[in-house]
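**Q** Structural data only, the sequence is not supplied:
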């Protein structure tokens, strides 16, 4: 049976990821970030990160995908103390080649979507917005 057919059957039988009722359940990992943070794309679909230091360098654990697959992850970056910055260095290929700047007000958050595609050396990065009350 093909992978596409298995996916269609899984969706008809209540969804992918065990959510039931046709829903998809995503794994959320909550993290308090210091000066450095290493995220493992294989461990979650969404990372809810609270920034607690003036600067946080974000990188990724070694991650290998099967050929012909992709994975999306969402990163929510919440300002814990306010005025905290984050940087992905050269780990992401950003839309328009511009890494987003952080919201600086305590309690507000930025959201980022990353798309990991088999065969690419870096994920593609999309800034989804900031100044979100969380």
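**A** Cool, the structure landed. These numbers come from a predicted model, not from an experiment.
**Q** where along the protein do the strands fall?
**A** 28-33, 36-39, 46-51, 55-60, 70-79, 85-87, 93-94, 108-117, 124-133 (DSSP state E).
**Q** Would you mind saying which of the ones you listed lies nearest residue 100?
**A** Closest approach to residue 100 among the strands of the chain (C-beta to C-beta): strand 124-133, 3.9 Å. For glycine as for every other residue, the C-beta is placed from the backbone atoms N, C-alpha and C.
**Q** contacting residues around the closest one?
**A** Contact partners of strand 124-133, identified using C-beta atoms under 8 Å, 6 or more residues apart in numbering, comprise 74, 88, 92-95, 99-100, 102-103, 105, 107-115, 117.
**Q** Make a ChimeraX selection of whichever of the residues you listed turn out to be buried.
**A** Applied in ChimeraX, the following selects the buried portion of these according to 16 or more other C-beta atoms under 10 Å:
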select :74,88,92,94,99,100,102,103,108,109,110,111,112,113,114
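**Q** State the distance from residue 118 to residue 67.
**A** Distance of residue 118 to residue 67, given as C-beta to C-beta, to the nearest Å: 5 Å.
**Q** From the neighbour counts alone, determine which of these two ranks first.
**A** More crowded of residue 118 and residue 67, by other C-beta atoms under 10 Å: residue 118, with 12 against 6.
**Q** check contacts around the residue lying closest to the more buried one once chain neighbours are set aside.
**A** Distances taken as C-beta to C-beta, 6 or more residues apart in numbering put residue 65 closest to residue 118, at 4.1 Å, once the chain neighbours are dropped. Going by C-beta under 8 Å, 6+ apart, residue 65 touches 71, 116-118.
**Q** ok, those residues vs residue 58, which is closest?
**A** residue 116 (14.5 Å).
**Q** and that closest one, bridged to which residues?
**A** residue 71 (DSSP bridges).
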